[in-house]
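Need a 3D model of the sequence below.
(one chain, ligands or ions: 1)
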Amino acid sequence: MLKNKTVIVTGAGSGIGKTIASHIAKQKAQVVIADLNETAARAHADEINDQNGSAMAISCDVANEQSVNNMVRKAVENFGPIDILVNNAGLQFISKIEEFPLEKWNQLISVMLTGTFLCTKACVPYMKQSNWGRIINISSAHGKTPSPWKCAYVAAKHGIIGFTKVMACELAQWNITANSICPGYVLTPLVEKQITDLAKQHNISEEQVPEQVLLKNQPLKKLVSTTELAELALYLAGPSAQCITGQALSIDGGWTYS
Ligand SMILES: NC(=O)c1ccc[n+]([C@@H]2O[C@H](COP(=O)([O-])OP(=O)(O)OC[C@H]3O[C@@H](n4cnc5c(N)ncnc54)[C@H](O)[C@@H]3O)[C@@H](O)[C@H]2O)c1
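From the prediction side, this is the model:
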């Protein structure tokens, strides 16, 4: 289905991006593992190549235009024009608004929102030339609904959904679709790092955080797995999703159903 397609997955050295990259590589696509953490990116590319896949690691800061353009240039030189882009790199920071440092606000917006813009801007010319492309942006349930103490994250994730809708209408004439995936909580390093802070903020023990905070508003009471997300990303990249564009697809156990 994705044989010989060139795919960039940002933040693919860890968590959700890592599993998406592995699933895409199993479809015989050529996958670029683009991550700020070069060691993690290399390790994952080696793992995919050891299993007869085709992957290369490229160190990249998605918040930096020159770094993004270098990454895309290297990807094209090595694998050919970009067909599919998965904007996944992200991070979290939790604080009350009065104490939220400006540099943390700027960092979260730069990585998740500006990073999505910069990577899309760099890849779209190749997709237009091929008259085909798939842009898959990892937003969040927090792209649709808020939680306290996460102002920068929630703002960036809402922004990604708006940006994706613009790409969907702007790029449709070239057969390029753009969709957001909005996961509920997934147990990755991004969430594991929040457990201590959330326990403190809510004045509860770390053991109580999953039930009392993460899954509190989620009817199914289940964490989402990285495999479920990778399978949704694969579906959006495949032929059955050719008429799906501009959507923000929730995979969150019913958290945002209202
Ligand atoms: N884990 C969850 O519960 C959850 C829920 C909804 C959405 N998401 C989103 O999914 C995406 C992946 O998150 P995850 O949970 O796998 O986190 P993770 O921490 O496991 O992985 C994030 C990756 O992004 C990379 N990264 C960070 N800043 C970068 C930058 N400037 N340039 C390039 N790479 C950078 C990190 O090095 C890391 O490898 C994020 O956008 C996150 O907001 C996660």
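
Next to the ligand, which bits of the chain? Give me the list.
10-11, 13-17, 35-37, 40, 60-63, 88-91, 111-112, 138, 140, 183, 185-186, 188-191 (CB under 6 Å from any ligand atom). Where C-beta positions appear, they are placed from N, C-alpha and C, glycine not excepted.

So which of these belong to strands?
In this view, the residues of the chain next to the ligand that belong to strands under DSSP state E are 10, 35, 138, 183.

Tell me which two of the residues you listed sit farthest apart.
For those, the farthest-apart pair by CB to CB is Asp35 and Pro183; their separation is 18.7 Å.

Show me which of those two is the more surrounded one.
For Asp35 and Pro183, the more surrounded residue by other CB atoms under 10 Å is Asp35, and the numbers stand at 30 against 26.

Where does the prediction get shaky in this structure?
Across the chain, the ranges flagged by pLDDT under 70 are 258.

all helices in it, in order from the N-terminus.
If DSSP state H is used as the criterion, the helices of the chain fall at 15-26, 38-50, 65-79, 102-108, 115-130, 151-171, 189-192, 194-202, 209, 226-237.

Take those helices and write them to a markdown table, including mean neighbour count and distance to Ile244.
Formatted as a markdown table, these follow (neighbours: other CB atoms under 10 Å; distance: least, CB to CB, whole Å):
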| stretch | mean neighbour count | distance to Ile244 |
| --- | --- | --- |
| helix 15-26 | 25 | 17 |
| helix 38-50 | 18 | 27 |
| helix 65-79 | 17 | 25 |
| helix 102-108 | 15 | 28 |
| helix 115-130 | 20 | 16 |
| helix 151-171 | 20 | 9 |
| helix 189-192 | 14 | 26 |
| helix 194-202 | 16 | 31 |
| helix 209 | 21 | 34 |
| helix 226-237 | 20 | 7 |
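
got TSV for the ones you listed, with distance to Thr256 too?
Formatted as TSV, the helices of the chain follow (distance: least, CB to CB, whole Å):
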stretch	distance to Thr256
helix 15-26	18
helix 38-50	30
helix 65-79	30
helix 102-108	20
helix 115-130	20
helix 151-171	11
helix 189-192	17
helix 194-202	19
helix 209	20
helix 226-237	15
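
Would you mind measuring from Glu47 to the ligand?
Applying CB to the nearest ligand atom, to the nearest Å, the value for Glu47 to the ligand is 14 Å.

before we move on, what about Ser240?
Computed as CB to the nearest ligand atom, the Ser240 to the ligand distance reads 23 Å.

ok, that residue to Thr177 distance?
Ser240 sits 12 Å away from Thr177, taking CB to CB, to the nearest Å as the criterion.

okay, those two: which has more neighbours?
Here Ser240 and Thr177 are compared on neighbour count by other CB under 10 Å; more neighbours surround Thr177, at 23 against 9.

residues contacting the more buried one?
If you count contacts by CB atoms under 8 Å, 6 or more residues apart in numbering, Thr177 has them with 133-135, 168, 171, 236, 241-242, 244-245.

redo that, cut-off 10 Å
Neighbour list for Thr177: 132-136, 164, 167-168, 171, 236-237, 241-247 [criterion: CB atoms under 10 Å, 6 or more residues apart in numbering].

And for Lys165?
Taking CB under 10 Å, 6+ apart as the criterion, Lys165 is in contact with 178-180, 245-248.
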